[in-house]
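K.L.:
Could you work out the structure for the sequence below:
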Amino acid sequence: MEELLAAVRRYARRHALLAPATAVVVGVSGGPDSLCLLHLLCRLRPELDLRLHVAHLNHGLRGTESDADAAYVAELAAAWAVPCTVRQADVRALAAAPGISLEEAARLARYRFLAEVAVAVGAPRIAVGHNADDQAETVLMHFLRGSGVAGLRGMLPRAPLGEYRLASQRVSESANDHPVTVSPCHRPMHSIGVTLPDLWLVRPLLATPRAAIEAYCVEHDLRPRLDRSNEDTTFFRNRLRHELLPILAGYNPAIRDVLTRTAEVLTGDHDVLRAALTSAWAEVVLASGPGEVRFDLVGWRALPLGLQRGTVREAIQRLRRSLRNINWAHVERGVWLGRTGETGQSATLAAGLALQIGYGELRIAEEGAAWTSDAPQISAALTLDAPGITPVGAGWVVEVRYLTPDALPADYPAGADPWAAWLDAAVVGAAPLLRPRQPGDRFQPHGLQGHSVKLNEFMINARVPRDARAGWPLLVGATGLAWVCGLRLDQRAAVRPETQTVWRVQFRKTAGQGVADTVTR
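P.N.:
Predicted coordinates:
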């Protein structure tokens with residue numbers, strides 16, 4: 001099996017997995033994959049000047065068999081002259097936490113342990129034995145669970161460990177671990193000053209089929225331990241491996257190759273999409289306070305649907321670093337409210353977050369968190385220059401422009417900018433007035449077929465903050481209240497097919513006033 005050594009060497013070089021003169025922690029369970037990996041790395045050790053360190057976590061799930069696995073790995077490492085750390089974790093106790101399955105608890109404990117060992121021995125790389133069959137199973141598993149492109153990439157040859165949502169907890173304590181054989185001594189990561197993104201998880205066998213690994217073990221007289229839990233079909237991955245994949249192979253015998261190729265193709269596509277998302281994020285994100293992300297509403301609504309989804313998902317991930325799976329329905333609910341909703345409306349997202357539509361902004365933050373209004377406020381009546389630009393205070397100005405109906409943009413009824421409105425100039429009159437609310441104000445909201453409502457009730461239903469209602473700007477024309485600015489036109493003032501002249505009224509902030517011109521994009 002010299003060809004396997006050469007293939008792994010090429011794969012490691014192509015994906016920059018093993019830098020020369022580097023310390024590498026090797027996760028070794030004692031099974032064929034990790035045993036093959038350790039053996040290959042030991043063969044590569046002289047030419048790459050690698051400093052290897054074996055790490056084995058006893059999950060304590062199979063009693064004496066688990067203990068025997070730990071002893072076997074320790075003895076093997078000693079025989080191959082590789083330093084070794086063995087530790088035991090109470091995975092069942094970790095799985096008792098709400099929302100954590102036994103599989104997920106084992107994964108968390110294992111990666112936290114590997115991270116701590118890597119920090120302790122000064123290793124920037126952690127090598128694990130995932131193979132091509134594991135990759136096919138991962139892609140299929142993510143597909144069945146409804147993943148997007150990021151999930152359908154499967155596992156990556158090289159990835160920062162920080163992407164595994166482990167950094168928010170202290171590694172040595174949160175795994176409920178108990179040292180069995182520890183060499184060298186371990187210190188918590190927070191006391192060493194190294195963050196998880198400084199560590200890279202590498203998978204040198206990711207392109208190697210399981211059958212080739214097993215053949216390698218036979219040829220080199222490697223005697224791996226067998227984990228009988230891999231046959232337990234109560235675990236989701238095992239059901240895929242032993243039940244679903246054989247059925248799919250009946251339709252396409254090369255199904256595993258197809259799935260692994262899909263992962264490779266989508267990895268390249270994901271890089272392109274990620275670059276587009278990074279660019280879009282920079283264009284629409286606004287200065288945000290702690291625990292929130294704010295987007296310019298007009299700019300965000302101008303993004304393609306895919307980037308709207310991506311920015312919402314990215315905001316959730318930034319605000320909930322430990323959240324591993326983001327529900328599609330939550331993202332979709334927030335996106336479509338952001339696309340079509342009105343000021344004051346909100347949608348529940350994942351993990352206690354909510355998306356809220358503001359006055360020229362889209363905000364994602366803790367559900368129920370107070371949001372200081374950035375809407376313009378006025379204290380007295382003010383006649384607008386029509387046409388012209390009128391300052392209204394706090395850096396806000398109102399621009400009124402005269403248009404004919406044929407100059408209206410095709411999408412003007414959509415109202416992408418809540419602080420811009422198109423009104424029938426004949427109905428509003430030549431001297432539009434801006435004033436604050438008065439007792440008894442009523443209007444006919446556009447879309448309610450002439451039904452009249454109390455302005456105060458409308459503002460409550462629109463979730464206008466109580467403190468902002470008294471000074472909320474109202475545009476008044478010849479026939480009365482024509483526009484509850486930023487919220488809703490009056491039915492009588494809206495542009496109709498018979499309209500001959502149009503006032504375009506737009507609020508905007510001058511440069512240097514926070515939101516600054518973002519509402520005019």
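K.L.:
Against which helices or strands is the helix or strand hosting residue 73 packed?
P.N.:
Assigned by DSSP states H and E, residue 73 belongs to helix 64-79. Helices and strands touching helix 64-79, by 3 or more C-beta pairs under 8 Å, 6 or more residues apart in numbering; DSSP states H and E, are strand 51-58, strand 84-89. (Glycine included, C-beta is placed from N, CA and C.)
K.L.:
Strands along the stretch 101-250 of the chain, start to end?
P.N.:
125-127, 158-160, 177-181, 200-202 (DSSP state E, counting those that start in this stretch).
K.L.:
average pLDDT across the longest one?
P.N.:
Averaging the model's pLDDT scores along strand 177-181 yields 34.
K.L.:
Next up, the contacts around the closest residue to residue 49 other than its chain neighbours.
P.N.:
Nearest residue to residue 49, sequence neighbours excluded (C-beta to C-beta, 6 or more residues apart in numbering): residue 21, at 4.5 Å. Residue 21 sits next to 48-51 when contact means C-beta atoms under 8 Å, 6 or more residues apart in numbering.
K.L.:
Give me the buried subset of those.
P.N.:
Buried by 16 or more other C-beta atoms under 10 Å: 48, 50-51, out of these.
K.L.:
I'd like those residues as JSON lines, with pLDDT and distance to residue 263 appended.
P.N.:
Compiled in JSON lines, the buried ones among the contacts of residue 21 are given as follows (pLDDT from 0 to 100; distance: C-beta to C-beta, whole Å):
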{"residue": "48", "pLDDT": "93", "distance to residue 263": "26"}
{"residue": "50", "pLDDT": "94", "distance to residue 263": "27"}
{"residue": "51", "pLDDT": "95", "distance to residue 263": "31"}
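K.L.:
which one of the residues you listed sits closest to residue 242?
P.N.:
Among those, residue 50 lies closest to residue 242 (C-beta to C-beta), at 35.4 Å.
K.L.:
My guess is that closest one contacts residue 44. True?
P.N.:
Yes. Counting by C-beta atoms under 8 Å, residue 50 does reach residue 44; the two are 6.4 Å apart.
K.L.:
what residues are shared contacts of those two?
P.N.:
Joint contacts of residue 50 and residue 44 (C-beta under 8 Å, 6+ apart) are residue 18.
K.L.:
follow-up on the earlier one: name the residues that touch the helix holding residue 73?
P.N.:
Contact partners of helix 64-79, identified using C-beta under 8 Å, 6+ apart, comprise 28-30, 35, 38, 54, 56, 58-60, 62, 83-84, 86, 88, 180-181, 225, 227-228.
K.L.:
One more: stretch 326-338?
P.N.:
146, 148, 297, 300-301, 305, 308-309, 312-313, 316-317, 345-350, 355, 357, 362, 364.
K.L.:
Let's see which of those residues end up in helices.
P.N.:
Judged by DSSP state H, helices contain the following of the contacts of stretch 326-338: 297, 300-301, 305, 308-309, 312-313, 316-317.
K.L.:
Make JSON lines from those residues and add neighbour count to it.
P.N.:
Listed next are the ones in helices among the contacts of stretch 326-338 as JSON lines, based on neighbours: other C-beta atoms under 10 Å:
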{"residue": "297", "neighbour count": "27"}
{"residue": "300", "neighbour count": "25"}
{"residue": "301", "neighbour count": "19"}
{"residue": "305", "neighbour count": "10"}
{"residue": "308", "neighbour count": "23"}
{"residue": "309", "neighbour count": "18"}
{"residue": "312", "neighbour count": "27"}
{"residue": "313", "neighbour count": "21"}
{"residue": "316", "neighbour count": "22"}
{"residue": "317", "neighbour count": "16"}
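K.L.:
closest to residue 382 among these?
P.N.:
residue 297 (24.9 Å).
K.L.:
Which residues are in contact with that closest one?
P.N.:
By C-beta under 8 Å, 6+ apart, residue 297 lies in contact with 338, 357-358, 360-362, 416-418, 519.
K.L.:
mind checking how far it is from residue 342?
P.N.:
Distance, residue 297 to residue 342, using C-beta to C-beta, to the nearest Å: 11 Å.
K.L.:
which residues are common contacts for these two?
P.N.:
357, 418.
K.L.:
OK, contacts around the residue nearest to residue 499 when sequence neighbours are not counted?
P.N.:
The shortest distance from residue 499 to any non-neighbouring residue, by C-beta to C-beta, 6+ apart, is to residue 424 (4.7 Å). Residue 424 makes contact with 493-496, 499, 501-503, according to C-beta under 8 Å, 6+ apart.
K.L.:
swap in residue 310?
P.N.:
Shown in contact with residue 310 (C-beta under 8 Å, 6+ apart): 273, 276-277, 280.
K.L.:
Same question for residue 383.
P.N.:
For residue 383, the contact set (C-beta under 8 Å, 6+ apart) comprises 431-434.
K.L.:
tell me the least confident of those residues?
P.N.:
pLDDT across the contacts of residue 383 is lowest for residue 431, at 89.
K.L.:
in what helix or strand does it lie?
P.N.:
For residue 431, there is no host helix or strand (DSSP H and E).
K.L.:
Could you save the contacts of residue 424 as a markdown table and add columns showing pLDDT, secondary structure and neighbour count?
P.N.:
Formatted as a markdown table, those follow (pLDDT from 0 to 100; DSSP: H, G, I helix; E, B strand; the rest coil; neighbours: other C-beta atoms under 10 Å):
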| residue | pLDDT | secondary structure | neighbour count |
| --- | --- | --- | --- |
| 493 | 92 | helix | 29 |
| 494 | 91 | strand | 20 |
| 495 | 91 | coil | 22 |
| 496 | 89 | coil | 11 |
| 499 | 92 | coil | 17 |
| 501 | 93 | coil | 15 |
| 502 | 93 | strand | 22 |
| 503 | 93 | strand | 28 |
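K.L.:
before we move on, back to that, out of the contacts of residue 383, which are buried?
P.N.:
Using 16+ other C-beta under 10 Å as the burial test, the contacts of residue 383 include 432-434 as buried.
K.L.:
where in the stretch 301-450 of the chain is pLDDT low?
P.N.:
Regions of the stretch 301-450 of the chain meeting the criterion pLDDT under 70 cover residues 324, 370-374, 414-416.
K.L.:
next one: phi and psi at the residue nearest to residue 499?
P.N.:
phi -70, psi 110 (degrees, to the nearest 10).
K.L.:
picking that back up, in which helix or strand does the residue nearest to residue 49 reside?
P.N.:
Applying DSSP H and E, one finds residue 21 in no helix or strand.
K.L.:
Would you quantify the distance from it to residue 432?
P.N.:
According to C-beta to C-beta, residue 21 and residue 432 sit 74 Å apart.
K.L.:
Give me the pLDDT value at the closest residue in space to residue 114 that isn't next to it in sequence.
P.N.:
Counting by C-beta to C-beta, 6+ apart, residue 114 lies nearest to residue 126, which is 4.9 Å off, once chain neighbours are set aside. Residue 126 carries a pLDDT value of 96.
K.L.:
got it, and residue 475?
P.N.:
95.
K.L.:
how about the helices of the stretch 351-500 of the chain, start to end?
P.N.:
For the stretch 351-500 of the chain, applying DSSP state H, counting those that start in this stretch gives helices covering 425-428, 455-461, 466-469.
K.L.:
now, of these, which is deepest in the fold?
P.N.:
For the helices of the stretch 351-500 of the chain, the largest average neighbour count (mean count of other C-beta atoms under 10 Å) is found in helix 425-428, namely a mean of 22.
K.L.:
just to revisit the earlier point, residue 243: which of the contacts of residue 424 is nearest?
P.N.:
Proximity of the contacts of residue 424 to residue 243 (C-beta to C-beta) peaks at residue 494, which lies at 60.1 Å.
K.L.:
In space, what's closest to the closest one - neighbours in sequence excluded?
P.N.:
residue 446 (5.0 Å).
K.L.:
Longest helix in the protein, please.
P.N.:
In the chain, assigned by DSSP H, the helix with the most residues is helix 255-284.
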